[in-house]
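Student: Prediction below, plus the sequence it came from.
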Amino acid sequence: MSSEGTVPPSVLPLTQRLTSWFDIESAAVVTILFGLFQVMLSVPLAYAAPIDMPKFFVLPLFIGILIITGGSLAMANERNPNRYLLQGCACSNIISLLGAVIAFCLYCVSISNIPKEKDDCWTVRHEVCSLNFLMRFCMSILILLVFYDTGAIIMNCILSALSLRELKKG
């Protein structure tokens, strides 16, 4: 039997239902990991970037740093609640969310621009074979970046919503 003063979980708003089963520290750690994966994948992308975009590795490096910052501020705010940390957490998560959405679009465009060669590498020259493998490697890195960026978008959206809700509460 429930008491008269409690509200059933299905009537509560979504953000209050999230905080009842959602651990913000775990979300911050996962967000930091998504950012670290993007930073780490920028290193091989620096060597395997498509020919038409030689400085493309800067995008996952920059977005990864933004995502790490948002997750770090969320973790710091959870451990030592402070109004300034909460404002920084909300701002950095919103900025990294916008950056991650833009990066997601650019990754998808880059994947679609990579030429798909169906040649058999054993019958063509060695240079063509190497370029074909390099393009496949670059495509696999970009696909990984799309997956990590999708996770970062979800986590930044949740952390932004929770931090904005806390800011409105005062």
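Tutor: Perfect, I can see it now.
Student: What ranges does the chain have for its helices?
Tutor: For the chain, the helices defined by DSSP state H occupy 14-21, 24-48, 58-79, 83-113, 126-169.
Student: looking at those, which is buried most?
Tutor: Here the criterion is mean neighbour count by mean count of other C-beta atoms under 10 Å, and of the helices of the chain the winner is helix 58-79, at a mean of 22. Where you see a C-beta, it was placed from the backbone N, CA and C, and this is true even at glycine.
Student: about what we covered before: where among the helices of the chain is average confidence lowest?
Tutor: Note on the helices of the chain: helix 14-21 shows the lowest mean pLDDT, a mean of 53.
Student: who's in contact with C108?
Tutor: For C108, the contact set (C-beta atoms under 8 Å, 6 or more residues apart in numbering) comprises V146.
Student: Please disregard the earlier target; I meant F22.
Tutor: F22 neighbours (C-beta under 8 Å, 6+ apart): I158, L162.
Student: how near is it to N80?
Tutor: 20 Å (C-beta to C-beta, to the nearest Å).
Student: My understanding was that D149 contacts G99; is that so?
Tutor: No: with contact defined as C-beta atoms under 8 Å, D149 does not count as touching G99 (9.6 Å).
Student: shared neighbours, these two?
Tutor: I63.
Student: So which residue is dead centre in the protein?
Tutor: Closest residue to the average C-alpha location of the chain: A152 at 2.5 Å, with C-alpha atoms, centre = their mean.
Student: List the residues that contact the closest residue to that one other than its chain neighbours.
Tutor: Distance criterion C-beta to C-beta, 6 or more residues apart in numbering; nearest residue to A152, sequence neighbours excluded, is F34 at 4.1 Å. Counting by C-beta under 8 Å, 6+ apart, F34 makes contact with I67, G71, Y148, D149, G151, A152, M155.
Student: Of those, which pair is most distant in space?
Tutor: Greatest spatial distance in the contacts of F34: G71 and D149, 14.0 Å, computed using C-beta to C-beta.
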